[in-house]
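**Q** Here you go, sequence then predicted model.
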Amino acid sequence: RGSNKETYHIEIGADDIEYLPGDSLGVIPENPAEVVDPIVALLGIDKNETFTFRNEEVTAHDLLKKKLNIFYLPERVVSKYSALIGQEIPATRIGLHELLRIYPLNSNNQFKDLIGILEPISPRLYSISSSPEAHSGEVHITVARDKFHINEEWKFGLCSDFLSQLAVDNSIEFYIHKNSQFRLPSDEKDVIMIGPGTGVAPFRSFLAQRDAVGAGGRNWLFFGDQHFVTDFLYQTELQNWVETGVLTKLNVAFSRDQKEKVYVQHKMLKHGKELYEWLLNGASLYVCGAKDPMSVDVEDTLMQIVQKFGEKTIEEAVQFVEQLKDESRYLKDVY
Ligand SMILES: Cc1cc2nc3c(=O)[nH]c(=O)nc-3n(C[C@H](O)[C@H](O)[C@H](O)COP(=O)(O)OP(=O)(O)OC[C@H]3O[C@@H](n4cnc5c(N)ncnc54)[C@H](O)[C@@H]3O)c2cc1C
């Protein structure tokens, strides 16, 4: 409450589900009724009529609700639509409802052809924030509702909006997206985790897993967000892990709590000597969250730390970081 962002912790009950910390959940979102229903009305089709879609019999309503992407159509789809109705349409990205309103089908018999040119809804990935050892029969995700401004109107991303509107007992379609490139090392090894914002998700999974199995390696987390009071995701759990010793070190950066912006990379640099010592001692370094600029700034800072505290030239620092990558000790899951 009071945050500039909306972030949701979502727990999904799922028996017999198999995953490992580091995996993601692929979610297939549904289109909202307030967009689907006007399209059905505009097309004047029978929503219960069935059509074959990818070898499956699906009603017109379910096609528009659960199968077809009707938001922000790619230019290639708009161009195929233009050919279908035999009318010039400028190259643009547009929602299906608006497209049909401005450039109607010649007859509602063309609905079948329309199905043929629309693309399926793409799944979206979310880092799993639960641990199979600690949260048996459940899988958790940490979702930031994507909000953006178009033509003076606030809009929401399809999947994060869909997930944010779920009620208890709703069901969703999902699958496990394995990520063998983002795994915990053996139990006795140390880990350094850099996960601002929703980037903390896989590290909650890592920590819960290491806690549950009693892993002996040390754990160090850098977390960051805008404000301490409103944006400290999983604050209580993280502080409990500090108290119980599961989290050896927790460094936080709240960028907007003071005049100067402070980010995770500033905290890394502040603790650079110790961070370098952990790396020399065999620790693995993990980064999760925004690809740009966060993971780029983190990598630049890592280079600076290796140069400064390892007394290395730029070339030697690059080589050091390359070696970490070769040994699978510098792993990123960024988006
Ligand atoms: C490996 C991986 C892990 C991830 N983990 C997480 C995680 O743990 N938590 C998390 O919150 N996210 C995570 N993500 C991001 C997530 O997968 C989605 O990309 C994110 O939720 C946005 O999806 P969406 O469907 O809500 O938005 P979309 O509908 O896909 O929109 C995305 C963007 O497209 C543009 N756009 C969409 N519609 C329009 C329009 N009508 N007009 C103009 N522009 C438009 C906007 O720029 C918008 O921000 C992860 C991604 C990857 C690849």
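**A** Happy to help now that I have it. Residues are numbered from 1 along each chain as shown.

**Q** Residue 63: how many residues sit nearby?
**A** Residue neighbour count, defined by other C-beta atoms under 10 Å, stands at 23 for residue 63. All C-beta spots, glycine's among them, are computed from the backbone N, C-alpha and C.

**Q** er, residue 174 I mean
**A** 18.

**Q** can you give me the strands in the stretch 51-200 of the chain?
**A** Remark: strands assigned in the stretch 51-200 of the chain by DSSP state E, counting those that start in this stretch are 56-59, 124-127, 138-144, 147-150, 153-156, 173-177, 191-194.

**Q** Quickly compare those strands and say which is most buried.
**A** strand 191-194 (a mean of 25; mean count of other C-beta atoms under 10 Å).

**Q** and that one, C-alpha only, in CSV?
**A** Taking C-alpha atoms only, strand 191-194 is exported to CSV below (Å, rounded to 0.1, in the frame of the first residue of the first chain):
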residue,chain,number,x,y,z
VAL,A,191,26.2,-17.6,-2.8
ILE,A,192,25.9,-13.8,-3.4
MET,A,193,22.5,-12.8,-4.8
ILE,A,194,21.6,-9.5,-6.4
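
**Q** Closest approach to the ligand from the stretch 101-250 of the chain, which residue is it?
**A** residue 157 (2.2 Å; C-beta to the nearest ligand atom).

**Q** related to what we said a few turns ago, let me have the strands of the stretch 51-200 of the chain in JSON lines, extended by distance to residue 251.
**A** Shown next, in JSON lines, are these (distance: least, C-beta to C-beta, whole Å):
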{"stretch": "strand 56-59", "distance to residue 251": "50"}
{"stretch": "strand 124-127", "distance to residue 251": "20"}
{"stretch": "strand 138-144", "distance to residue 251": "19"}
{"stretch": "strand 147-150", "distance to residue 251": "28"}
{"stretch": "strand 153-156", "distance to residue 251": "32"}
{"stretch": "strand 173-177", "distance to residue 251": "29"}
{"stretch": "strand 191-194", "distance to residue 251": "10"}
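
**Q** any chance of those in TSV, plus distance to residue 40 and mean pLDDT?
**A** Output for the strands of the stretch 51-200 of the chain, formatted as TSV (distance: least, C-beta to C-beta, whole Å; pLDDT from 0 to 100):
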stretch	distance to residue 40	mean pLDDT
strand 56-59	10	96
strand 124-127	25	98
strand 138-144	28	98
strand 147-150	24	94
strand 153-156	21	94
strand 173-177	21	98
strand 191-194	47	98
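
**Q** who touches residue 52 in this structure?
**A** By C-beta atoms under 8 Å, 6 or more residues apart in numbering, the contact list for residue 52 reads residue 58.

**Q** beta partners for it?
**A** residue 57 (DSSP bridges).

**Q** That one and residue 115, how far apart?
**A** 9 Å (C-beta to C-beta, to the nearest Å).

**Q** can you check residue 262 too?
**A** From residue 262 to residue 115 the distance is 51 Å (C-beta to C-beta).

**Q** repeat for residue 203
**A** Residue 203 is 42 Å from residue 115, by C-beta to C-beta.

**Q** Same question for residue 292.
**A** From residue 292 over to residue 115 (counting by C-beta to C-beta), the distance is 36 Å.

**Q** Comparing those two, which residue is more hemmed in?
**A** residue 115 (17 against 9).

**Q** related to what we said a few turns ago, not counting sequence-adjacent ones, nearest residue to the residue of the stretch 101-250 of the chain closest to the ligand?
**A** residue 146 (3.0 Å; C-beta to C-beta, 6 or more residues apart in numbering).

**Q** Now for the one you found: which residues touch it?
**A** Contacts of residue 146 by C-beta under 8 Å, 6+ apart are 156-157, 160-161.

**Q** go again using 7 Å as the cut-off
**A** Counting by C-beta atoms under 7 Å, 6 or more residues apart in numbering, residue 146 touches 156-157, 160.

**Q** Around the ligand, which positions in the chain sit nearby?
**A** For the chain, the residues found near the ligand under the criterion C-beta under 6 Å from any ligand atom are 24, 71-72, 124-127, 142-144, 146, 148, 150, 155, 157-161, 198, 201, 333, 335.

**Q** Quickly list the domain ranges of this protein.
**A** 7-28+124-177, 33-117, 191-334 (automatic domain parsing).
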